[in-house]
Structures are given as C-alpha cells and as structure tokens.
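K.L.:
Next one to model:
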Amino acid sequence: MDKMYLFKNENEVTEYDGSPLRFYVGKKLIKQIFSPTEDELKGFGYKKLIPAIMPEYDAETQYLSKKYADGEDITETYEVRDIPAETEITEETEETEE
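P.N.:
Model (predicted):
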C-alpha cells in the first residue's frame, strides 16, 4: 500500500503513522481499526500524495513552491535567500626570509 496522508489544512500534511483508527460519537468509542485498508484510510480522510515533478521558483518573491496533485492542491513553500559570507576568502601567500 502507498503511503497515505491526512491534509489538516493548506500548510499541514501528516503521514499515517500506523496507529489504530478510532471512530467516536461524542465520548463513546464506536469502532477501532488496527490494520486499515486503503479504503478505510480514505474513509477517515487520508489521501495519496502525488508530488509534482519540479518545484516552481518565483524570482520576485524568491520562493520555491512544491504542489501536490490530489484533487486539492497543497503547496509547500520554501524561502530561498542569499546568505552573505561573514569573512572574505583571500589567497594567502608565504613569504620566505632570507
């Protein structure tokens, strides 16, 4: 079975961790599933995650976006920044004493 994910919101995706699925009505436990099938996971809101091949880069905002095709687009956004060097690298030369 492929990995299944729970889409909590547009910024948070959680992988199914193998724990039992529990269905409650109020405070009463109605059903537990210890080894769920793919269809049972889908019933609890889990979906397959199919990542796009290449992330998109926006030069203006310097963000890389990785979209997931799943019927609803979930976007992971990473900020790309230039990090200035703290010290300048120079060539050192040895002087010999005569």
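
K.L.:
Name the SS class of residue 40, please.
P.N.:
Under DSSP: H, G, I helix; E, B strand; the rest coil, residue 40 falls in the helix class.

K.L.:
Near it, how many other residues are there?
P.N.:
Per other CB atoms under 10 Å, the neighbour tally for residue 40 reads 13. For every residue, glycine as well, the C-beta is placed using N, CA and C.

K.L.:
looking at it, it is touching residue 34, isn't it?
P.N.:
No: Residue 40 lies out of contact with residue 34 (CB atoms under 8 Å); the separation is 10.5 Å.

K.L.:
residues of the helix or strand harbouring residue 5 that come out buried?
P.N.:
Assigned by DSSP states H and E, residue 5 belongs to strand 4-9. Within strand 4-9, the residues scored as buried using 16 or more other CB atoms under 10 Å are 4-5, 7.

K.L.:
What of stretch 16-26?
P.N.:
Buried residues in stretch 16-26, counted by 16+ other CB under 10 Å: residue 21.

K.L.:
Ok, stretch 26-45 next?
P.N.:
With burial defined by 16+ other CB under 10 Å, the residues of stretch 26-45 counted as buried are 36, 41.

K.L.:
Span of that stretch from start to end?
P.N.:
This stretch, stretch 26-45, spans 19 Å end to end (CA to CA, to the nearest Å).

K.L.:
pLDDT averaged over that stretch - what is it?
P.N.:
For stretch 26-45, mean pLDDT is 90.

K.L.:
Could you list the low-pLDDT ranges of the protein?
P.N.:
The chain contains residues with pLDDT under 70 at 1, 9-11, 50-98.

K.L.:
Now with 80, please.
P.N.:
1-3, 5, 7-13, 48-98 (pLDDT under 80).

K.L.:
residues contacting the residue lying closest to residue 34 once chain neighbours are set aside?
P.N.:
Among residues not flanking residue 34 along the chain, residue 20 sits closest, at 4.9 Å (CB to CB, 6 or more residues apart in numbering). Contacts for residue 20 (CB atoms under 8 Å, 6 or more residues apart in numbering) come out as 32-34.

K.L.:
This completes my enquiry, with thanks.
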